[in-house]
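# sequence plus the predicted model coming up.
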Amino acid sequence: MNITFYKYQGTGNDFIIIDNRAGGINLTTAQVKKMCDRRFGIGADGLMLLNTKAGYDFEMQYYNADGNESTMCGNGGRCLVKFAYHQGLRKSTYSFIAIDGTHQATIDDNGWVNLKMQDVHGIRKLYTDSELNTGSPHYIKPVTDLRRYDVYKEGKTIRNSNGYKEKGINVNFVEEDGDDNLFVRTYERGVENETLSCGTGVTAAALVYAHNEAGFNRIDITTLGGKLAVEFDKTGEENFENIWLCGPAEFVFKGTIEI
Ligand SMILES: N[C@@H](CCC[C@H](N)C(=O)O)C(=O)O
């Protein structure tokens, strides 16, 4: 069977997108894993299906590069909105459903895609580290000299430690880069490697590092793949609402693959 696919990236977090609005595409774990393989396939951190869903502009179905369907992907969601736009779905505000619930999204004149994330209530403190869920589970670790930090080794160790080994966790290493600016590098579960950027990860980091104790915050984030911003209202010690993940999302190439 030949499948037409589209490759998109959001700050270097790259995805295969397949338009499944006509239905009929059911991919096995092995097929997704092979398509995402950077040597034997197309190569990507994840794969998404654009499905139809009554009452929504579309449904997002997300798979990690290991072939398993996973939890929310922020950069993926932003890329899927840009894909929907390129397919002719033009809206001032998009409304779609993903595994963690409903999301709104807008596209700026400069092409940035802004994605509304679920409210977050609760951060688990682990000494200087933190754990929270922004649609996907994240571990946040403050470090120094992050550019030279061994993200693969340290991320893999935490992801496979007791308590996380079975379900996995995404591990984000964070360095403050002036007021309301963070540099974040992420070891991603399901990719089992460092990716160039992780949307739900930078969102989690931004919430942990909020400087304004009450009300509006905007945190600008540098990743290895580019710049993102996270805006939100801090409504309580561990409560965050109106969370928006903002950044670029670009088409890379299109092709067909036999699976
Ligand atoms: N790249 C992501 C997160 C994708 C999901 C993650 N690998 C997991 O399994 O939790 C993002 O941009 O949020």
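Great, that's in hand.
# is K156 in a helix, a strand, or coil?
helix (DSSP: H, G, I helix; E, B strand; the rest coil).
# which residues touch it?
187, 192 (C-beta atoms under 8 Å, 6 or more residues apart in numbering). Glycine gets a C-beta too; all of them are placed from N, C-alpha and C.
# check it and give its pLDDT.
As predicted, K156 sits at a pLDDT of 98.
# and the gap between it and I169?
Separation of K156 from I169 (C-beta to C-beta, to the nearest Å) stands at 11 Å.
# what do you get for G10?
21 Å.
# does the ligand sit close to the longest helix seen in the chain?
In terms of residue count, the longest helix belonging to the chain (DSSP state H) is helix 74-86. Yes. Counting by C-beta under 6 Å from any ligand atom, contacts between helix 74-86 and the ligand involve 74-76.
# equivalent analysis for stretch 211-231, please.
No. Counting by C-beta under 6 Å from any ligand atom, the ligand has no neighbours in stretch 211-231; the shortest distance is 9.5 Å.
# that stretch: which residues count as buried?
Neighbour counts over stretch 211-231 (16 or more other C-beta atoms under 10 Å) mark 217, 219-226, 228-231 as buried.
# and that stretch, average pLDDT?
96.
# what does the stretch 51-200 of the chain have sitting close to the ligand?
64, 70-71, 73-76, 136, 170, 188-191, 198-200.
# which members of those are positioned in strands?
Among those, the members falling in strands (DSSP state E) are 64, 170, 188.
# the last one - how many residues pack around it?
Counted by other C-beta atoms under 10 Å, the residues lying close to E188 total 28.
# surely it meets I169?
No. Using C-beta atoms under 8 Å, E188 is not in contact with I169; the gap is 9.9 Å.
# the stretch 101-250 of the chain: strands as residue ranges?
101-107, 113-116, 120-121, 124-126, 129-133, 137-142, 170-176, 181-188, 193-195, 215-223, 226-236, 239-247, 250-258 (DSSP state E, counting those that start in this stretch).
# nearest to F5, out of these?
strand 250-258 (6.0 Å; C-beta to C-beta).
# ok, that closest one: who's next to it in the sheet?
Based on DSSP bridges, the pairing partners of strand 250-258 within the sheet are strand 2-10 (antiparallel).
# and stretch 201-211, how far out from the chain's middle?
Taking C-alpha atoms, centre = their mean, to the nearest Å, the mean C-alpha location of stretch 201-211 is offset from the chain mean by 14 Å.
# my error: substitute stretch 133-153 in the last question.
14 Å.
# then it to CSV, C-alphas only?
Taking Å, rounded to 0.1, in the frame of the first residue of the first chain, the C-alpha atoms of stretch 133-153 are listed here in CSV:
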residue,chain,number,x,y,z
ASN,A,133,2.0,16.9,33.5
THR,A,134,1.3,19.3,30.6
GLY,A,135,-0.5,16.7,28.5
SER,A,136,2.6,14.5,28.7
PRO,A,137,4.6,13.7,31.9
HIS,A,138,7.7,15.8,32.4
TYR,A,139,10.7,15.9,34.8
ILE,A,140,12.4,19.2,35.2
LYS,A,141,16.0,19.5,36.3
PRO,A,142,17.9,22.8,36.7
VAL,A,143,21.5,22.5,35.6
THR,A,144,24.4,24.8,34.8
ASP,A,145,26.5,24.9,31.6
LEU,A,146,23.6,23.2,29.7
ARG,A,147,25.3,23.6,26.3
ARG,A,148,27.9,21.1,27.4
TYR,A,149,25.7,18.9,29.5
ASP,A,150,25.3,15.2,28.7
VAL,A,151,21.5,15.2,28.1
TYR,A,152,21.5,11.8,26.6
LYS,A,153,23.3,10.0,29.4
